[in-house]
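Asker: pasted the sequence and its predicted model underneath.
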Amino acid sequence: MLSLCQRSIEPLLRAPVIGVLFSLLLILGAVVLSTHSPFAFFSIEGLVIVVGGVIAVAFMSFEAEDVRKALGVIAEMFRKPSAVPQDNLHHDMMEIIAWAYLVKEKGVRRLEASLAKRGIDDPFVKYGLNMVVSGYSVEEVRAMMETAADAGFERDSIPVDVLQTMTSHAPAFGMIGTLVGMVAMLCSLNDNVSNIGASLSVAFLSTLYGVVSARIVYMPAASKLRQTVAKRRFRNQLITEGMVMLVGDKSPMYIKDRLNSFLRPERHDYINTLKLDQRPTAAPLRLEVVRA
Amino acid sequence: MLSLCQRSIEPLLRAPVIGVLFSLLLILGAVVLSTHSPFAFFSIEGLVIVVGGVIAVAFMSFEAEDVRKALGVIAEMFRKPSAVPQDNLHHDMMEIIAWAYLVKEKGVRRLEASLAKRGIDDPFVKYGLNMVVSGYSVEEVRAMMETAADAGFERDSIPVDVLQTMTSHAPAFGMIGTLVGMVAMLCSLNDNVSNIGASLSVAFLSTLYGVVSARIVYMPAASKLRQTVAKRRFRNQLITEGMVMLVGDKSPMYIKDRLNSFLRPERHDYINTLKLDQRPTAAPLRLEVVRA
Amino acid sequence: MLSLCQRSIEPLLRAPVIGVLFSLLLILGAVVLSTHSPFAFFSIEGLVIVVGGVIAVAFMSFEAEDVRKALGVIAEMFRKPSAVPQDNLHHDMMEIIAWAYLVKEKGVRRLEASLAKRGIDDPFVKYGLNMVVSGYSVEEVRAMMETAADAGFERDSIPVDVLQTMTSHAPAFGMIGTLVGMVAMLCSLNDNVSNIGASLSVAFLSTLYGVVSARIVYMPAASKLRQTVAKRRFRNQLITEGMVMLVGDKSPMYIKDRLNSFLRPERHDYINTLKLDQRPTAAPLRLEVVRA
Amino acid sequence: MLSLCQRSIEPLLRAPVIGVLFSLLLILGAVVLSTHSPFAFFSIEGLVIVVGGVIAVAFMSFEAEDVRKALGVIAEMFRKPSAVPQDNLHHDMMEIIAWAYLVKEKGVRRLEASLAKRGIDDPFVKYGLNMVVSGYSVEEVRAMMETAADAGFERDSIPVDVLQTMTSHAPAFGMIGTLVGMVAMLCSLNDNVSNIGASLSVAFLSTLYGVVSARIVYMPAASKLRQTVAKRRFRNQLITEGMVMLVGDKSPMYIKDRLNSFLRPERHDYINTLKLDQRPTAAPLRLEVVRA
Amino acid sequence: MLSLCQRSIEPLLRAPVIGVLFSLLLILGAVVLSTHSPFAFFSIEGLVIVVGGVIAVAFMSFEAEDVRKALGVIAEMFRKPSAVPQDNLHHDMMEIIAWAYLVKEKGVRRLEASLAKRGIDDPFVKYGLNMVVSGYSVEEVRAMMETAADAGFERDSIPVDVLQTMTSHAPAFGMIGTLVGMVAMLCSLNDNVSNIGASLSVAFLSTLYGVVSARIVYMPAASKLRQTVAKRRFRNQLITEGMVMLVGDKSPMYIKDRLNSFLRPERHDYINTLKLDQRPTAAPLRLEVVRA
C-alpha cells in the first residue's frame, strides 16, 4: 500500500511548492472534516508571535545577510520547482579531461588563452584554473584549493544553521503564544467560565502554528539547503582533485579513472574509454562547442 | 525469564514482517483487552495527517529518488524475510586470494582475461579490478578506491537520513493532528459537552498513530538500513585493502593474513593456511567453480 | 550526608542484581507508603505492550544475534555479580614483557614453540602472536592489528546500540500503552464516569513501566556494556603496541616503559625495573608458572 | 509575503537591541490583545526563580570570569549596535603582503624595526611576528601558532558554553517555578477553589519567563558569540598561514594567491595583482599610512 | 541591570557552596512567598525515590570507584570553596625552562640527581621526567607521553559521565515518583475526592525534587568536573611538549617561545626574555627555592 501510495502522489510532489500545498491541503482537509468553521483556526496573535518572533530572533542571532539567504531559500521553495541539473558531476569531469588534453597537447599557455576567450562563471573553478596557470606546485595548488573549498563550505553552512535555529524556535514561540493565552484566560477565569473553551482553543493555535511552520516550512528548507551545500562541497573536492592532476601533468586517461571514483558506479565510463592514442584531438573542442 | 521469553519468540521474529505483525498484534491485543470496540481506534483524519504528512514532507525535504529508496526499504520490510548472506566477507576474502594466485602465476593479463570471461556484478569490485588491471601504482589505486568507497557511503547514507527524518516527523504530525482535533473540540465546547470524551479520544488517536508509526515502521527501517550501509562500507574497505595488495604484488598468504584482520576472530583460518609451496595451483580455479 | 549514605549502601550495590532489587525496593516502598493495594500497580496490558513491544522492535531493528547478546547482558546483570578482574592491563603488560625476554634470548622460533605448548585463549592475542611469528614487518603488523582492533570494536558496539535503542523505545511504548488506555477510557466516558479514576490509573501504569524499565534495566545494561567494550578496545590498543614492539625487536625495558603509559600512574613500576643485566633469565618462566 | 516582510523589518533589526525590543513588543502586543491587564503578566517570584536561579547556577558551574564574560555579551547585545568590521580578512591579508614586501626587500631586521615603531595591538599577530622575527623554522612557527590558535579557541569557547548552559537552564527553572506554584496551589485547594485560576496563571508565568528568556536573551547571545569565536579562529588560521609563508620566504604574489583561498571568491583580487616587478616599493608604506 | 546584578552577587557565589545555598534560598523564598506552610514541600517518598533511585542506578551503571569519585565531587562542592591555582600553566612552563637550563649546562645526569633530591609529586610529570632521563628518542617520548595523557583523560572522563548520567536520571526518577503518586491517587479517587489536591501536590513534589537536584546539584558538579578534566588534559599537553623539547635538546629560549603558545597572550613574557647569554646560571636554582 505504501509503495502504491508514493507512486501516485510522487509526480505531484516533485516541485516543492506543490508539496507544501499538498501538505497544507491534507491538514486543512482534516480541519474541515473535524469542524464546521475553518476560521476557528485563524488567530492573528498566534501568527504574530510565531512568525514574527522566529524571524526577529533569527535577525538577532545571525548576521542579516545570512538570515536573508535563509529566507530566500524558503521563498524559493514556494516559488519555482527546483530544476536540479543531475548531470553536474559527470559534466565537470568531462570538462577537466578536456582541459587535460589541451595542456597535454599545447601546454598551459594555450589553456590560459582558451579560458580567457570563453570565460568561466564558477568562481571556484576560476580560482583553481588561475592557480593551475600560475605555475604553482602540486602541493601548493592542493593546499590552496582545499582551503578554498573548506572556507566556502563553512560560509555556505551558516544559512543552514539559521534554518535549523528557526526550526527549533518555531515550536518554542508556539509554546510562548499558548502560555500567554492560557495565562490571560486563567486570569479572567472567574468572570467568564463559559468562554473557557474558545479561549483555550485560541491559545492552542499558537502551538499548532509553531509545530506546523517548523515541520512544513523551516525543516524542509533546512534539509534541502544542507543537501545543496553538501553537494557543492563534494563537487569542489572533485574539482580540486582534477586541478591537482592538471598541475601534476597526469594523462587524461588517468584523470578520468581517478575522477570516476567520485561518480556513481553506474555512471562510470569504461567502454568508451578516452584512450590517448585512439581518440582524435578534436574531442575536447567538441566538448567546448557543446557547452557554448 | 527474559532469556526464556526471547528464545520462544525469536524464531517468529527473524523475518521482519512477522515482527511487525507481532508488534501490532501485541498492541491490538491490548486494545481489545481494554475496550469493546476496536473500531474506536480508527480515525481517517488522523491517518491522513500522520501518514500523508510524513510522506509529503519527506518529498519536500529530499530528492524524490532518495525518498523512493527509503519507502522501498519500508516496503521490503513488510514483504519478504531478509535472507542475509552471513558469509559475505569470508567469501570476498577467498576470491581476492584466488585472484592473487592468478596474478602471481600468470600475471595481470591473465587476471584481465579471466575477469572478462566471468563478468563481475558488483560495481565496486569491478571498478577496483579495472584499476588493478590498468597498471596504476599502489597509492593511486588506494586513493581511487577510498574515494569511491567514501562517495558510495555518502550516497547510501541519504536514504537513512530520509528515514530518520520521517521518524522525527511522525510524532510531530501526530501532535498536529491532535492539536487540530482539540482546537475543533474546544471551539464547539459549549454546544455539546456530552461529546467531549469521544472528540478527545479521536484527537488522541493522531498522537497514537504518530508514535506507533515512528516506532514500529520508520525507526526499525532506518536502523536496518543504517546497518546495511555500514556493512557495505566495511566490506568495501576490505576490498580496497585487497586490491591495493594485488597491485602491490603481495603474496597470497600475506593477503590472507592481512584480510583476516577484517573478519571475526573465530572465522580466521590458521590451520588450513594457504601456503604457497603446499597448495596446488588449481585452488583458485576451484573457488571459481564453487562460485559459478 | 551524601557521602555517608553512599558508604552505607555501596557494599550492597557492588553486585548489580542487588542494585536492581534495591532500586525496585525503593520504588515499591514508596508505592506501599502511598497506597494500600500494591496490586493496583499491576497491569498485564501495560507489561505486554512495554516489554513485548520493546523486544519485538529490537528484533525488527537489529540482527537476531545482536539482540540476543544484548538480552544476555541484561540477564547477566540479574544473575551473577560481575567479578571484574581489575588487574588485566598490568597482567597483559607483564606477559608481553615475558615474551620479549623469550624473543631476545632464544629468538622468535622459541616463542612459537612456547606458545604452541601453552595455547592462547584470547583470539586477539592469538592473532597478534601469529603475525609476530610469521615474520611480518612493523608496519604490516601494526596495520593488521589496528584493523582487527577497530573491526572488533565496531562489532562489539552493535549490542550497545541495541540496548540504547531499547532505552529510547521503552518510554515510547509506555506512552503508546497510555494513549491506548486513554482513548479506550474516553470512548466510553459517558457510560461510566465513576470509573474514570481507575481507568486513568491503569493507563498511566504503561508510562510508569516504560520509564522504570528504561532507567533500571536498559540504561544501566547499556552503560555497563559500553564500558566493557571501551575497556576491551583500550586493552587491544595496548596489545597492539606490545606486538609491534615485539616485532620491532625492542628491549623488554623499553617495552615496559612504553606500555606503562597505558596504565594508571599509580600502577607504574619504576623501582622494580626489569633491567636487562640484573634480571635472571628465569623471570618470564616464573610468569608463565604463575599463570598456569 | 515572507520576503516582503523581512525587507521591511530588517533595517530595524540590524542592531540587536532593537531586535530584542521588537520581539518583546510582538509578545507584549499579543499580551495586550488577549488580556486587559498587562500587570497580570508580572510575577516577582517567577522572575526571582528564573533569572536568579539561572545566574546562580551559572556561577556554580563555571568560573566567575567566564560567567562575567557571558553576561557581558548579553549586556552588550542590549547596549550598542554591533559595528561589525566586514573587511577584516581582506585587510589582514593586505597587511601580511605588505610585510612580505618589507622582508623581501630589506630583510627581517627591517620588519622588526618597523613593527617596534608602529606597535601591534592584536596579541595573536604580535606573538606570530615575534616568532617570525626570532628566526625559527617553518615547522616551528607553524606548530607554535597552531597551538596558540587552538588554545585561544578553546578559551574563547567557554563563555559560549556558559550561554548554552543558561539556555538549557532557563526553561528548567521556569518549570521549577511552575511546579512550586502548582504544589502551593494544590495544597490549599480546598480552602479557596475560587482562586484556582489566578494561582495557576501565576504558576504558568514562570514557565513563560523561562522560555522567553531562553529564546530571546540567552540563545541569540550564544549564537552571536559562537559566530564571533568561529570567525576569530578562522582569521587566526589565515594569520598563521601568512606568518608561516613569511618565514618560508615566499613571494608576496604567492602569499596573496594562497591567502585568497581564505576569502570569499567575490573578494579575490586577480586583476590588480601585486606583481613584484610592477609594484612600487612604497606600497607597503602606503598601507601603513592608511592604517595609522 | 543584569551586569549590576551579577556584580553584587558574584563575590557571594565564588565559593560553590554559597552558590548552592543562594539558589536554594531563592527557591525557598519563592516557596515561602507563595504558600504559608513550607512543610508542604517535603515528601519523604519523593526524596527516597529521587535521591536513592539516582544513586542506586549510578552504582548499577558504573563501577563503584567511579561513582564514589563523582559523589566526592558533589560533596566537595558543598564543603569547601575551590581554591583554584590560577597560575598553574605559567608555573609549569617556568619549571620546564629551569630543567632545560640544568640539562643544557650540566647534562641529563644532573637533572636526574636534582629530581631525586626534590621528589616530584605529580605522577604525569614524574613519568615524563623518567622517560627523559632514560635516554629515549624524541618520537618515543612523544608517543609514550601522548598515550599517557590520552589514557589519563579517558579515565578522568568517566566520573564526568557518571554525573551526566545522574543529571539525566534525576528528572526521570522524579517523573517515576509523580506517576506512582498519581496512580495511587487515581486508584482511590472515588473514596476521597476531597483529598485530590493534597495528593496531587505530593505527587508533583517528586518531579520538583528531580528537576531541582538535576539543575542545582548534578549538572553544576558535572560542569565543574568536566572543566577540571579538560584543564588537566591541556596542561598535560603542555608538559608533553616540554618534555619532548627537553629530550630534543632545544634551547631554553625556544622552549619558552614554544610553551608561550599554550598560555593566554596577556601572560606571554617577551620583555623579560630568558636569553641564554644574559641570564645568570642561578636562575633555575632560584625557581627551585621559590617552590621549596
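Answerer: Great, that's in hand.

Asker: quick one, what contacts A:Met145?
Answerer: When contacts are counted by Cβ atoms under 8 Å, 6 or more residues apart in numbering or on different chains, A:Met145 is found next to A:Phe124, A:Tyr127, A:Gly128, A:Met131, A:Asn236, A:Ile239, A:Thr240, A:Met243, A:Val244, D:Ser261. All C-beta atoms are positioned from the backbone trio N, CA, C, and that covers glycine.

Asker: is stretch A:63-72 positioned near chain B?
Answerer: No. For stretch A:63-72 and chain B, the contact criterion (Cβ under 8 Å from any Cβ of the partner chain) is not met; the two come no nearer than 15.3 Å.

Asker: how about that stretch against chain D, any contact?
Answerer: Yes. Residues of stretch A:63-72 are located near chain D by Cβ under 8 Å from any Cβ, namely A:Glu63, A:Ala64, A:Val67, A:Arg68, A:Leu71, A:Gly72.

Asker: just the buried residues out of those residues, in PyMOL syntax.
Answerer: For the buried members of the residues of stretch A:63-72 next to chain D, the matching PyMOL selection, counting by 16 or more other Cβ atoms under 10 Å in any protein chain shown, is:
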select buried, chain A and resi 63+67+68+71+72
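
Asker: next step: the residues of stretch A:63-72 next to chain D restricted to helices.
Answerer: Among these, the residues falling in helices (DSSP state H) are A:Ala64, A:Val67, A:Arg68, A:Leu71, A:Gly72.

Asker: can you tell me which of those is nearest B:Lys250?
Answerer: For these, the minimum distance to B:Lys250 (Cβ to Cβ) is 54.6 Å, reached by A:Gly72.

Asker: ok, then the element right after the longest helix along chain A?
Answerer: Counting residues, the longest helix in chain A under DSSP H turns out to be helix A:138-187. Downstream of helix A:138-187, the first helix or strand assigned by DSSP states H and E is helix A:196-213.

Asker: do I have it right that A:Phe262 meets B:Gly152?
Answerer: No. Taking Cβ atoms under 8 Å as the definition, A:Phe262 is not a contact partner of B:Gly152, at 10.2 Å.

Asker: more neighbours: which of the two?
Answerer: Legend: neighbour count by other Cβ atoms under 10 Å in any protein chain shown for A:Phe262 and B:Gly152, higher for A:Phe262 (23 against 20).

Asker: how about the more buried one: what's its closest non-neighbour residue?
Answerer: Spatial nearest neighbour of A:Phe262, chain neighbours left out: A:Leu238 (4.6 Å); criterion: Cβ to Cβ, 6 or more residues apart in numbering or on different chains.

Asker: where in the stretch 101-250 of chain A is pLDDT low?
Answerer: Low-confidence regions of the stretch 101-250 of chain A, defined here as pLDDT under 70, cover residues A:192.

Asker: find the closest residue to chain C in the stretch 51-200 of chain A.
Answerer: A:Gly197 (16.6 Å; Cβ to the nearest Cβ).

Asker: list the contacts of the residue in the stretch 101-250 of chain A that chain B sits nearest to.
Answerer: Distances between the stretch 101-250 of chain A and chain B by Cβ to the nearest Cβ are smallest at A:Gly197, namely 2.9 Å. Taking Cβ under 8 Å, 6+ apart as the contact definition, A:Gly197 lies against B:Leu186, B:Cys187, B:Ser188, B:Leu189, B:Asn190.
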